[in-house]
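Enquirer: Coordinates for the following, if possible.
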Amino acid sequence: MRPQTDAEASPPEGPKKISSIPHSQAATPTVPDYDLLRRIGGGAYGEVWLARSQATGILRAAKIVWRDTFEDERPFRREFEGIQRFERISREHPSQLALYHIGRNDADGNFYYVMELADNLGTETDYSPHTLRADLEQGRLPAARVLEIGLALAEALGHLHAKGLIHRDVKPSNVIFVNGRPKLADIGLVTDASDSHSIVGTEGYLSPQGLGTPQADIFALGKVLYEAATGLDRRELPKLPDALRMWPDAKQVFELNEIILKACAPDLTQRYQTCQEMQADLALLERGKSVKRRRTRQQLWFAVKRASVTAGVIGLGAVAGYFVWQQNQPHSGHVPSRIPQAEELYQQAVYEAKAGTSERAKHAYTNLTEAVKFDPGFLDAHYMLLEVYFTDGNELPPHFNFAMNIRELAQTLKKLGPDSVQYHTVNSYARFIDWKFDQAIEEAALAKKINPRFLRAHGLYAFYVLLARRDAETALREYRVAEQLDPADVIIQSVLGDVFYAQHDYTNAIKQYSKAMELEPRINLHYNLARTYERLHSYEKAMDEYETNDLQTVAFLKSDAIRNWYIQMRGELRTNGAAGWWRRQVEENLRDESAGRYFTARFCAQLGDTNETLSLLEQAYTNRENDLIYLLVDDCWDPFRNEPRFQELVKKMGFHPTQ
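Expert: The predicted model follows:
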């Protein structure tokens, strides 16, 4: 198959158009749980539709791939299997274009997949996807913007390559922006690195050695960055614009050109061997360092190594390199470990942690603990433990104590990087779990100041000010910043619903919780939904969500026992109304010494019993029940906020509500 121009769509292996009637003129295809609104694109073997989720109303893109565009079943099946392989990793990492639903419709002769939708450059009725090609039609991009895009795409390709996959057609028209973040589209072309059955690609982006290797993807990425930084056609590399020295960002463009030339080196041995190597150089340049100067030092270092005749000289160099690494540790971007085994374990842990399941959290925890054994000074590996704890700390190995481990982690990071964003972020949470809320807010604010692009610092700051100050406006602003940094971060998407709940905006709270679970179906926000439906007096829906929550989380009870209990509760609701439901739960909880007093107080509050409600809350404080952190935002307490006993409890908690 011949290479294509950039204007052409990239076909799969051996596509052959059989039907003389375009599918766009036929009946609208069907995708379960989605309404296909209109056709917004197409290629040699399929078409893309604007799709709307029937459950949430969220807009997605749906790709329909037709069987009759292939000569036989085998390549059609292989393309579908490739999508299945990619789907399993698409939501493990925010750099990837997330797939939400895939399937086959043999009756209509197609398979389909639903994915994230590119940002709209058009109007509400005339959708036009935001691609890098569309941006470049307006001229070259500033070097700083090219760096941002390069870092994001190198990260995406690195993740693909680590999973044994390659993209095969990296080019500006296949780079789309989702919530402002660049991602690689045309994922139907993603395949195993060992796949030699198909030849795709676009002329001018093809590596001299051909396709099918990670280095070929790196070559194509270099060409993309060349076009973006210079405004020249990719075929003109290594030419630079005549007026370049007059550009305001000329120095950065010259430095960026060093990275581009290495990515596009004709000799494979001179090219970046991995995307992580390329990403490290891009990150170095983003921090204002000179890639060219570092390469000169590296060449000098290699010459010294070749000339050294004793292991002692080499060992001294390694120690010196370690201290240089420590002193120059950045406050943004990942700093790879100097120990390859540690870096490999860290990268695997990152992917495992993103999966969001108990089993994968255990694997991530094991990999990180092994990584820091190889490299005790590996700051990012230590910090990543916090993300794993957030994922599912309760399911980690025996003797794991969440609060104790957070405190110990903060102390470790303080020794490794007392001025690092990682330390102040983790220490903020250590202060928070000790109910030192003002200190937690101060630490998170400092972390944000150190690195304004550190997602978790913004997320935790928002969490703290919402709970300890009931400042929903500030919390929403900070969550939106975090969302821009990583729209796929499930933690951020989950807690955004709490802001709407605190604002009594229950409709949007439900939409947000549902959106988060659609983004990652394995997370459980059914309790949040139940609590929200209660406030809307939708008690049957609330009961359904409570039951779903218990079936997923109360592992020590059998499913039949849970279902039978909710059958009784529904009967109570229908017979005696909501008051009967609340009263039954209060009575049962009071008989159970292990039942949390905070939740018993919640049920009691619905009955309007002020004295009993406040007494139960005071018992919860004496027992130091962690659920008291929701005292300001849980609106079931609204009728009690002017009560002196309630205000005294707020004061003892160390809260300072702004409203």
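
Enquirer: and the gap between the nearest residue to residue 377 once chain neighbours are set aside and residue 347?
Expert: Nearest residue to residue 377, sequence neighbours excluded (C-beta to C-beta, 6 or more residues apart in numbering): residue 416, at 6.0 Å. Placement of C-beta: from N, CA and C, glycine included. With the distance defined as C-beta to C-beta, to the nearest Å, residue 416 ends up 19 Å from residue 347.

Enquirer: Downstream of the lowest-mean-pLDDT helix or strand in the chain, the next helix or strand is which one?
Expert: Ranking every helix and strand in the chain by mean pLDDT, DSSP states H and E puts helix 311-327 at the bottom, with a mean of 25. With elements assigned by DSSP states H and E, the helix or strand that comes after helix 311-327 is helix 340-355.

Enquirer: what's next to that following helix, contact-wise?
Expert: With contact meaning C-beta atoms under 8 Å, 6 or more residues apart in numbering, helix 340-355 is reached by 89, 91-94, 159, 162-163, 276, 336-337, 360-361, 363-365, 367-368, 370-372, 374-375, 378, 380-381, 384, 387-388, 391, 522.

Enquirer: Tell me the buried residues in stretch 372-385?
Expert: Across stretch 372-385, burial judged by 16 or more other C-beta atoms under 10 Å covers 372, 374-375, 377-385.

Enquirer: Can you pick out the most distant pair from those?
Expert: The distance between the two most remote of the buried residues of stretch 372-385 (C-beta to C-beta) is 16.1 Å, for 374 and 383.

Enquirer: Show me the longest helix that occurs in the chain.
Expert: Longest helix in the chain, counting residues (DSSP state H): helix 559-591.

Enquirer: hmm, back to that, buried among the contacts of helix 340-355? Make that a PyMOL selection.
Expert: Of the contacts of helix 340-355, the buried ones go into a single PyMOL selection, burial set by 16+ other C-beta under 10 Å:
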select buried, resi 89+91+92+93+94+159+162+163+276+336+337+360+361+363+364+365+367+368+370+371+372+374+375+378+380+381+384+387+388+391
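
Enquirer: how about the strands of the chain, start to end?
Expert: 34-42, 46-53, 59-66, 99-105, 110-115, 165-166, 175-178, 181-184, 191-192 (DSSP state E).

Enquirer: wait, which of these is closest to residue 404?
Expert: Short answer: strand 181-184, nearest of those by C-beta to C-beta, at 36.2 Å.

Enquirer: So which elements touch the closest one?
Expert: For strand 181-184, the helices and strands in contact under the criterion 3 or more C-beta pairs under 8 Å, 6 or more residues apart in numbering; DSSP states H and E are helix 143-162, strand 175-178.

Enquirer: how about those, which one is nearest residue 36?
Expert: Nearest of the helices and strands packed on strand 181-184 (C-beta to C-beta): strand 175-178, 19.3 Å.

Enquirer: about what we covered before: please spell out which residues along the longest helix of the chain are buried.
Expert: Buried residues in helix 559-591 (16+ other C-beta under 10 Å): 562, 566, 569-570, 572-573, 581-586, 589.

Enquirer: Could you chop this protein up by domain?
Expert: 23-128, 134-327 (automatic domain parsing).

Enquirer: And these, which one averages the lowest pLDDT?
Expert: Lowest mean pLDDT of the domains of the chain: domain 134-327, a mean of 75.

Enquirer: mind checking how far it is from the chain centre?
Expert: Its chain's C-alpha centre and that of domain 134-327 lie 23 Å apart, by C-alpha atoms, centre = their mean, to the nearest Å.

Enquirer: ok, now stretch 512-523?
Expert: 13 Å.

Enquirer: Extract the CA atoms of it and return them as PDB.
Expert: Extracted as PDB, the C-alpha positions of stretch 512-523 are listed here (Å, rounded to 0.1, in the frame of the first residue of the first chain):
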ATOM      1  CA  GLN A 512     -21.300  14.700  37.900                       C
ATOM      2  CA  TYR A 513     -21.400  11.500  39.900                       C
ATOM      3  CA  SER A 514     -22.900   9.600  36.900                       C
ATOM      4  CA  LYS A 515     -20.200  11.200  34.600                       C
ATOM      5  CA  ALA A 516     -17.400  10.000  36.900                       C
ATOM      6  CA  MET A 517     -18.800   6.500  36.900                       C
ATOM      7  CA  GLU A 518     -19.100   6.500  33.200                       C
ATOM      8  CA  LEU A 519     -15.500   7.600  32.900                       C
ATOM      9  CA  GLU A 520     -14.500   4.800  35.200                       C
ATOM     10  CA  PRO A 521     -17.300   2.200  35.700                       C
ATOM     11  CA  ARG A 522     -15.300   0.400  38.400                       C
ATOM     12  CA  ILE A 523     -15.600   3.300  40.900                       C
END
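
Enquirer: Cool, thanks, signing off.
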